[in-house]
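>>> would you be able to build a 3D model of this:
(one chain, ligands or ions: 1)
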Amino acid sequence: MKARTIEIMDTTLRDGEQTSGVSFSASEKLTLAKLLLEELKVDRIEVASARVSEGELQAVKNITDWAAAEGYISKVEVLTFVDKGVSLKWMQEAGAKVQNLLTKGSLNHLTHQLKKTPEQHFSEIQSVIEKAKELGIETNVYLEDWSNGMRNSKDYVFQFLDFLTQQPIKRVLLPDTLGVLTHTETGAFFKEIIKRYPNTHFDFHGHNDYDLSVANVMEALKAGAHGLHLTVNGMGERAGNAPLASAVAVINDFLPEIKIGVKESSLYKVSKLVSAFTGFGIPDNKPIVGDNVFTQTAGIHADGDSKKNLYFNDLLPERFGRKRKYALGKTSGKANIQKNLQELGLTLNDDELKKVTERIIELGDKKERVTKDDLPYIISDVLDSDLHQQKVFVKSYVLTHSKGLKPSTTLSIEIEGKTYEENAQGDGQFDAFINALKKVYKKEGRGLPKLVDYAVRIPPGSNSDALCETIITWQTKEKDFTTRGLDSDQTVSAIKATEKMLNLV
Ligand SMILES: CC(=O)SCCNC(=O)CCNC(=O)[C@H](O)C(C)(C)COP(=O)(O)OP(=O)(O)OC[C@H]1O[C@@H](n2cnc3c(N)ncnc32)[C@H](O)[C@@H]1OP(=O)(O)O
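A predicted model of the protein is given here:
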């Protein structure tokens, strides 16, 4: 089959921002716009809806200033409305050059929301397109609720497309606005439309209400769609939009005839950044970008990986700038533990390995989470060995928290036989503890790893709801690593996790 290149339009900054509770700041929008176009290399980005707010106007201005200077201006798009040119005026002020005009793609929406006839609607659209042309603004047209339009008012959709394909527009954007399509219907609708209008560019815009968005993307492409609208982490209203990372992997692995320019190895980085900006967590099992999707948990799978990579599929983590991990817990066998020991550069004999495996299974049975960085402690505990010699001891501390005063900590700590005492204030007790620790390490002429993630949980079913687990992810120049602490007091559990970190760096 002849290869063809399609366009990927990322709409994280417009439709993705329609995720409930999510709002990007202007500087976050600019950072992401640059990353999406320059590093990830999507073809186009939709960055805002016109008319939304003053802040949004400034955000788009910042993006268009940068894009114009760097030659990306024709790749920056703004959603506009059929509003007698009000949106166009907004676009002019914002310096944007491509509008994605929102029109009605089903008779139902046209009749009940706009309360217009098709003729009135088409005439108003024509005026907007003409005005845009005069202003040097290029037009793409969204047919909102197109999928239901195809089901319930096909004559209207074709009457509309007959009209639109005669207009000076660049692309027609076909959204499954309510995420109601199945993959078979998506394919059939696209086939029918592309056969009828072979010279028009059609994008597919999928939503994920039935978790079918990626399947729908595949069928739209197989039927000849020329472009896709996707969002990072599948963000968007309700169940979200078709997720960028999954769609890219599916295209690369299952549709060899389709070519795209997106750089797979940057997908994870962008996903993490969007999650950090929005606070919109990525489920651990989200394909490609979730924390656990390259983690083997079962002992038999880890064993098979050591014997000719028997449990690998084509989704190799390295493609996405990630690494395979081997979880430790109840379902681990010795193969999981061996894999983790290899990474730590440790070796155990068969008998030692058996004992350590038994302890990890025992901990897993109690629903405790065990990480690779806990291994040295478990080994020294089980084998009574000095494999992990503790060199830093948090000897004592006083934590204060009083109304009207800043929390403070006095800390006594032993580092390789030398004792230090320091005190410091902070925004909370743990922050004060870290500040005191920083003072100690400064005296030692050393820095501390950066704290990049801090999670607190009550271990489920731990039979002691008084216990609290703090899991901290740290970052040095060389690596990210995680330590955990368990205690009935939340701050103390965080201090225990910190003491482990101090013994690992
Ligand atoms: C593809 C999609 O995801 S659709 C979502 C598009 N994006 C958004 O709605 C987010 C940005 N929207 C906004 O900030 C606001 O809704 C605005 C500024 C556009 C309008 O705000 P308001 O004037 O307060 O109106 P409201 O938010 O209630 O929207 C309803 C009005 O929009 C009209 N409308 C609906 N679709 C369209 C359209 N495609 N073109 C023009 N007007 C439209 C409705 O008929 C209604 O008008 P009416 O009040 O005269 O009956």
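
>>> just the pLDDT for the closest residue to the ligand within the stretch 101-250 of the chain.
Relative to the ligand, the nearest point of the stretch 101-250 of the chain is Leu102 (3.9 Å; CB to the nearest ligand atom). All C-beta atoms are positioned from the backbone trio N, CA, C, and that covers glycine. Looking at Leu102, its pLDDT stands at 98.

>>> which strand or helix spans it?
Using DSSP states H and E, the element containing Leu102 is strand 98-104.

>>> contacts for that strand, please.
Residues from elsewhere that reach strand 98-104, judged by CB atoms under 8 Å, 6 or more residues apart in numbering: 44, 46, 50, 74-82, 87-88, 91, 110, 113-114, 121, 125, 128-129, 132, 137-145, 160, 170, 173.

>>> check which residues of that strand are buried.
Val98, Gln99, Asn100, Leu101, Leu102, Thr103, Lys104 (16 or more other CB atoms under 10 Å).

>>> got it, and stretch 220-239?
Those would be 220-237, for stretch 220-239 by 16+ other CB under 10 Å.

>>> which residues of the stretch 401-505 of the chain fall in strands?
408-415, 418-425, 450-457, 468-475, 480-487 (DSSP state E, counting those that start in this stretch).

>>> partner strands of the first one, parallel or antiparallel?
Read it as strand 408-415. Using DSSP bridges, the strands paired with strand 408-415 are strand 392-400 (antiparallel), strand 418-425 (antiparallel).

>>> now swap in the fourth one and tell me
When pairing is defined by DSSP bridges, strand 468-475 lines up against strand 450-457 (antiparallel), strand 480-487 (antiparallel).

>>> returning to that earlier point: so which of the strands of the stretch 401-505 of the chain gets nearest the ligand?
Counting by CB to the nearest ligand atom, the ligand lies closest to strand 450-457 out of the strands of the stretch 401-505 of the chain; the figure is 32.1 Å.

>>> just the buried residues of stretch 220-239: which are in strands?
Gly227, Leu228, His229, Leu230 (DSSP state E).

>>> residues in contact with the nearest residue to the last one once chain neighbours are set aside?
For Leu230, the nearest residue in space outside its immediate sequence neighbours is Leu244; the separation is 4.0 Å by CB to CB, 6 or more residues apart in numbering. Applying CB under 8 Å, 6+ apart to Leu244 gives the contacts Ile8, Asp10, Thr12, Val42, Leu230, Thr231, Val232, Asn233, Gly234, Val262, Leu267.

>>> which other helices and strands does the lowest-mean-pLDDT helix or strand in the chain contact?
When the helices and strands of the chain are compared on mean pLDDT, DSSP states H and E, helix 375-383 comes out lowest with a mean of 77. Using 3 or more CB pairs under 8 Å, 6 or more residues apart in numbering; DSSP states H and E, the elements in contact with helix 375-383 are helix 334-344, helix 350-365.

>>> tell me the mean pLDDT over the first one?
So that's helix 334-344. Mean predicted confidence for helix 334-344 is 85.

>>> list the buried residues in that helix.
Lys334, Ala335, Asn336, Ile337, Gln338, Lys339, Asn340, Leu341.

>>> again with stretch 348-360
The neighbour-count check on stretch 348-360 (16+ other CB under 10 Å) flags Leu348, Leu353, Val356, Thr357, Arg359, Ile360 as buried.

>>> quick check, Thr12 in contact with His229.
No: Thr12 lies out of contact with His229 (CB atoms under 8 Å); the separation is 10.2 Å.

>>> extract the residue ranges of this protein that are flagged as low pLDDT.
1, 384-389, 459-467 (pLDDT under 70).

>>> residues in contact with whichever residue of the stretch 301-450 of the chain sits closest to the ligand?
For the stretch 301-450 of the chain and the ligand, the shortest gap (CB to the nearest ligand atom) falls at Phe320, measuring 28.5 Å. By CB under 8 Å, 6+ apart, Phe320 lies in contact with Ala245, Glu264, Ser265, Leu267, Tyr268, Ile288, Val289.

>>> make a markdown table out of the strands paired with strand 408-415 and add mean neighbour count and distance to Leu57.
Below are the strands paired with strand 408-415 laid out as a markdown table (neighbours: other CB atoms under 10 Å; distance: least, CB to CB, whole Å):
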| stretch | mean neighbour count | distance to Leu57 |
| --- | --- | --- |
| strand 392-400 | 15 | 47 |
| strand 418-425 | 15 | 41 |
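
>>> looking at these, which is nearest to Val382?
strand 392-400 (20.9 Å; CB to CB).

>>> so which residues make contact with the closest one?
407-416, 419, 429, 432-433, 436, 491, 495, 498-499, 502-503.

>>> ok, now with 6 Å
Identification of contacts with strand 392-400 by CB atoms under 6 Å, 6 or more residues apart in numbering yields Ser408, Thr409, Thr410, Leu411, Ser412, Ile413, Glu414, Ile415, Gln429, Glu499, Leu502, Asn503.

>>> now stretch 139-155
Residues outside stretch 139-155 that contact it (CB under 6 Å, 6+ apart): 99-107, 109, 129, 132, 157, 164, 169-177, 180-181, 189.

>>> can you check stretch 255-273 too?
By CB under 6 Å, 6+ apart, stretch 255-273 touches 1, 3, 5-6, 8, 35, 39-42, 221, 232-233, 245, 248, 251, 289, 319-322.

>>> could you identify the buried members of those?
For the contacts of stretch 255-273, buried by 16+ other CB under 10 Å: 6, 8, 35, 40, 42, 221, 232-233, 245, 248, 251, 289, 319-320, 322.

>>> now, those that are in helices?
Cross-referencing the buried ones among the contacts of stretch 255-273 against helices under DSSP state H gives Leu221, Ala245, Val248, Ile251.

>>> residues touching the third one, list them.
For Val248, the residues meeting the contact criterion (CB under 6 Å, 6+ apart) are Val262.

>>> next one: the helix or strand where Ser147 lies to chain centre, how far?
Here Ser147 sits within helix 146-152, counting by DSSP H and E. Distance, stretch centre to chain centre, for helix 146-152: 31 Å (CA atoms, centre = their mean, to the nearest Å).
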